[in-house]
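Novice: With the sequence up front, the predicted model follows.
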Amino acid sequence: MIREATGCERRRWAYTRRPVAVVTFLSDYGLEDDFAGVCHGVIATIAPDARIIDVTHGIPRHDVLAGAIVLRRALPFMPAGVHLAVVDPGVGSERRGVALRCAGEKRLLVGPDNGLLTLAAERFGGVVEAVDVGASPFALQHVAASFHGRDVFAPVAAHLALGASLAAAGEPLDPAGLAVLHHSRPEVVAAGVRAHALHADRFGNVSFDADSDDLRRAGIVPGAVLVNGVRGTYATTFADVAPGDLLLYEDSWGAPALAVNRGSAVDALGLEPGAAVAIARDT
Amino acid sequence: MIREATGCERRRWAYTRRPVAVVTFLSDYGLEDDFAGVCHGVIATIAPDARIIDVTHGIPRHDVLAGAIVLRRALPFMPAGVHLAVVDPGVGSERRGVALRCAGEKRLLVGPDNGLLTLAAERFGGVVEAVDVGASPFALQHVAASFHGRDVFAPVAAHLALGASLAAAGEPLDPAGLAVLHHSRPEVVAAGVRAHALHADRFGNVSFDADSDDLRRAGIVPGAVLVNGVRGTYATTFADVAPGDLLLYEDSWGAPALAVNRGSAVDALGLEPGAAVAIARDT
Amino acid sequence: MIREATGCERRRWAYTRRPVAVVTFLSDYGLEDDFAGVCHGVIATIAPDARIIDVTHGIPRHDVLAGAIVLRRALPFMPAGVHLAVVDPGVGSERRGVALRCAGEKRLLVGPDNGLLTLAAERFGGVVEAVDVGASPFALQHVAASFHGRDVFAPVAAHLALGASLAAAGEPLDPAGLAVLHHSRPEVVAAGVRAHALHADRFGNVSFDADSDDLRRAGIVPGAVLVNGVRGTYATTFADVAPGDLLLYEDSWGAPALAVNRGSAVDALGLEPGAAVAIARDT
């Protein structure tokens, strides 16, 4: 039985002594420049006691889907709080900026309304309150057309961390009208599963859009498999295959993924995001 | 009317409840090694309550001008405090190490006396007090010839964050004797503006040494422009030009810059730092 | 007389006002992904007041020796506390996970039992108490086979930072049975020192396994030297040699190292980790 890792289980140990406002922060800003740094500065100016936790700033530039996937899997391991996320190819155009309250765990999400926040919101029970922060009173006085992370989203997140209500942060909007993330879906067919590559980490491990249930329904069980015609093994851990061999495994987030022991599944299979991943039993 | 983004405007919202000593930190150390990390460790050992905010450690190695530009634009978005900056090609030679007090906002700057701090100091009203920290009593007991960031500048910054006076940190020196940053200046000519590339971010957006006033005086107005002979558009935001097209725009720091929508102005124009950037109206 | 830099000397200035639990964190996770970020999240969930200091996450993937060397040299500059380190090529196999108490300064080390922690432990007087945390009650409820950093080591470190005893974190084990790091040793011969490259930083400076005593015993004194047949100078600082020239110097950690002024010793000498480094006087 394969299940998804969840963060809440560890809370049995979380005997917090006093509330500490937490702002987590994910973006595609990288760390070579000062983009992420000045957002930290804006948050710390407004909310000096807030703790800022960087999820990552290494999302590939403008890759909203990759950002949404990483946000969804990472947030359950973050303290509940304000979750700022900015992957924003449409900055300066008409896409809205939003702040959202999720049904579960009092999680607040802040970022562009382009689908980036939707997978994480689903994970926390869906959106129960939403506001458009495009003209937020919390925004910096001068808002640059190209840096809403600094001028809109970071200050909104900081004020929410201070305890401001969502209603104070912007104009109410209907959660049903939030942007939907269009992404690929896997097919279960007689020959196995036809999935699509989603995201690769720096080690060349590749996630795809099928889950463990899809594999099971297709009759893919631990043992020999073919992935795009390449022989591999469906097993538990890297040590189960020889160095250089292909592994299909449940990754640390509870989802099936592809890896090469001491190598790179991206290189071995030539996978780009969106590429077809056909998985079959090797009989 | 184009104006420069300023950080102080947002302070209307900054209802800080108790003072938190802040040390911001910019360098060319990168994050692959432990250089930035051990400076954090030194500061945290001396000033356990200080909040350290990384501006960036991605300044190109030994590029003092790039560091000075990024420091100048980033600090207004940082809480007032101690601003540590280290881009130090002359470490171990005779360049001085300094700590400076700016006229405005009680900002303190700490780093090498090689011009790195000067643009930021101008931004905060100039230097009103300066000390040479080369033999600071706050330095670690053994100072390595090649790592003054760890052994001199970080501990000096930490003690200033604890409330030590500048006078306690080193020997007084005349601010008029501080190193000056020699950098290029733009020319306004009949044909337009002859400027020079300053700094590129990871997205390939390029800043240069002309400001919005220079453009206006040269008659460069929103509309068609030629940049080094390449057709582009002087407009507000990326969405104003087609993907792949060249954009001249006011960047998020309030200064004119060059970009290519979903591309790289560095690549499109073959610009290195210091390269000529000739901007003319395309009539 | 060349001596090793030590962190404790600076403690004369460390007038800490209240204890702040510190967790330092070193890994080979990089920052492109969310691996380091979610470990921060797990620690902050369990120990909201703990201060997390990143040593670096740029250790080359699976390079346990490089991680051990960087940990050893960096920790003396970190506040005493819990020192989490994860470079873990054997995750999911039978290698143990451990938490260790050092003889000196109350330092606690947490990570895989693959030698990563041993050099740092020696630096702090050796291990006086050790536990196997493989089945720690502090681990998250579901432990992924491939991410013990998040699911075992980070929560164990967080609980130790909260004040939990080592005995509560796992099963006692004999420190004598901890994994030993097998690494090369230099030879002092008539012609000089035969050493081996250990680790290069991002600037191409190379450390090797001989220390200053080895050089002295081999009669290598400041002046002209040959390194793998290449002429260089044994001197104090980069400014002592012309740009492009090879320098043998005491690095900022107090150990001999190789550099090229404004260049890269890695490139100049073609050194990989483990490569022979033959140092002789150039007479």
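Specialist: Thanks, I have the structure now. Numbers count the residues shown, from 1 in each chain, chains lettered A, B, ... in the order given.
Novice: tell me the secondary structure for A:L160?
Specialist: Under the three-state scheme (DSSP: H, G, I helix; E, B strand; the rest coil), the conformation of A:L160 reads as helix.
Novice: right, and it touches A:L166 too?
Specialist: Yes: the pair A:L160 and A:L166 passes the contact test of C-beta atoms under 8 Å, sitting 7.2 Å apart. The C-beta positions use only the backbone N, C-alpha and C, and glycine is treated the same way.
Novice: so what sits against both of the two?
Specialist: In the contact map built from C-beta atoms under 8 Å, 6 or more residues apart in numbering or on different chains, the residues linked to both A:L160 and A:L166 are A:99, A:108.
Novice: ranges for the helices of chain A?
Specialist: Taking DSSP state H as the criterion, chain A contains helices spanning A:35-46, A:64-74, A:118-123, A:148, A:154-161, A:166-169, A:212-217, A:265-269.
Novice: Return the most buried member of those.
Specialist: With neighbours defined by mean count of other C-beta atoms under 10 Å in any protein chain shown, none of the helices of chain A is more surrounded on average than helix A:154-161, at a mean of 29.
Novice: and that one, is it in reach of chain B?
Specialist: Yes: using C-beta under 8 Å from any C-beta of the partner chain, helix A:154-161 reaches chain B at A:155, A:159.
Novice: helices and strands around that helix, which ones?
Specialist: Using 3 or more C-beta pairs under 8 Å, 6 or more residues apart in numbering or on different chains; DSSP states H and E as the contact definition, the elements that helix A:154-161 packs against are strand A:22-27, helix A:35-46, strand A:82-86, strand A:97-102, strand A:108-112, helix A:166-169.
Novice: for the first one, packing partners?
Specialist: Translated: strand A:22-27. With contacts taken as 3+ C-beta pairs under 8 Å, 6+ apart, strand A:22-27 sits against helix A:35-46, strand A:51-56, helix A:64-74, strand A:82-86, helix A:154-161, helix C:35-46.
Novice: hmm, try it at 7 Å
Specialist: Applying 3 or more C-beta pairs under 7 Å, 6 or more residues apart in numbering or on different chains; DSSP states H and E, one finds that strand A:22-27 makes contact with helix A:35-46, strand A:51-56, helix A:64-74, strand A:82-86, helix A:154-161.
Novice: How about the residues of chain A by chain B?
Specialist: A:30-34, A:37-38, A:40-42, A:44-46, A:48-49, A:61, A:92-93, A:138, A:140-142, A:144-147, A:150, A:155, A:159 (C-beta under 7 Å from any C-beta of the partner chain).
Novice: before we move on, the earlier item: now for the helices of chain A, which one comes closest to B:R101?
Specialist: In terms of C-beta to C-beta, the element of those nearest to B:R101 is helix A:35-46, at 19.9 Å.
Novice: Is the closest one positioned near chain C?
Specialist: No: using C-beta under 7 Å from any C-beta, helix A:35-46 never reaches chain C; the gap is at least 10.4 Å.
Novice: Now tell me what touches that helix from outside.
Specialist: Residues from elsewhere that reach helix A:35-46, judged by C-beta atoms under 7 Å, 6 or more residues apart in numbering or on different chains: A:23, A:25, A:27, A:29, A:50, A:52, A:57, A:149-150, A:154-155, A:157-159, B:10, B:13-14, B:22, B:51, B:53-56, B:74, B:77-79.
Novice: 6 Å - rerun?
Specialist: When contacts are taken as C-beta atoms under 6 Å, 6 or more residues apart in numbering or on different chains, the neighbours of helix A:35-46 outside the stretch itself are A:23, A:29, A:52, A:57, A:149-150, A:154-155, A:158, B:13-14, B:53-56, B:74, B:77-79.
Novice: Then stretch A:217-233?
Specialist: Taking C-beta under 6 Å, 6+ apart as the criterion, the residues outside stretch A:217-233 that touch it are A:188, A:192-193, A:234, A:241, A:246-248, A:269, A:278-280, A:282.
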